[in-house]
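Visitor: this is a predicted model, with the sequence first.
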Amino acid sequence: MQNDFRSVYATLLIDWLGATETDVKNVLYKDFQKIPFVKGCALPSGTEDGSNLNIQLSPNPTVANAILTFDHPGGMLHISVLDALGSLVILQTSKSVSRGTQNVNIDMSDLPSGTYFVRVASMNKIKTSRLVKI
C-alpha cells in the first residue's frame, strides 16, 4: 500500500503531536487522507512540561564535579549530559528511583571545557538546564 508522504506527516501531526486538522490543511495541503496507523498515544499536556521538577546545579560553572538537586515524585528517572550539539556525553542515571529529594554527583572531569546541558526526564516530565565547565 502506498500513501502520500503528506498524509503520513499529517497523521503524525494530528494523532501524535496534537495539531489541529485546520493547521495541517494550512501547512501541508487541503485534501490529505488521515491514515489510522498511530494508536494509543498520549497527547502532550501543557501542565506536564517539567517545570515542577525544579532542578538545581551547583556549582555552575564547575571545574570537575557538579551536584544536581531536585525533588523526584518516584518512578523511572533518566539523567543525561548533552554537549552543545545535543550529543550524549554522559548517561548518568537510567533506573527506577524512590520518591524524595535527589542529590546526584555529575563527574565532568574527563570532559573538555564548554557548555553542556543536563537533561532530567521523570515520567512524562522533562527539564533541561545549562551547565558550564571551565
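Guide: Structure's in. What do you need?

Visitor: Leu12 belongs to a helix?
Guide: Yes - applying DSSP: H, G, I helix; E, B strand; the rest coil, one finds Leu12 inside a helix.

Visitor: what's the neighbour count on it?
Guide: Neighbours of Leu12 under the rule other C-beta atoms under 10 Å: 16. Bear in mind the C-beta positions are built from the backbone N, C-alpha and C, glycine included.

Visitor: for Val27, same thing?
Guide: Val27 sits with 12 neighbouring residues when counted by other C-beta under 10 Å.

Visitor: pass me the low-pLDDT residue ranges in this structure, would you?
Guide: Across the chain, the stretches falling below the confidence threshold (pLDDT under 70) are 1-3, 32, 36-52.

Visitor: which residues in it form helices?
Guide: According to DSSP state H, the chain carries its helices in the segments 5-11, 21-27.

Visitor: can I get the ones you listed in CSV including distance to Leu91?
Guide: Formatted as CSV, the helices of the chain follow (distance: least, C-beta to C-beta, whole Å):
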stretch, distance to Leu91
helix 5-11, 31
helix 21-27, 36
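
Visitor: alright, calling it a day.
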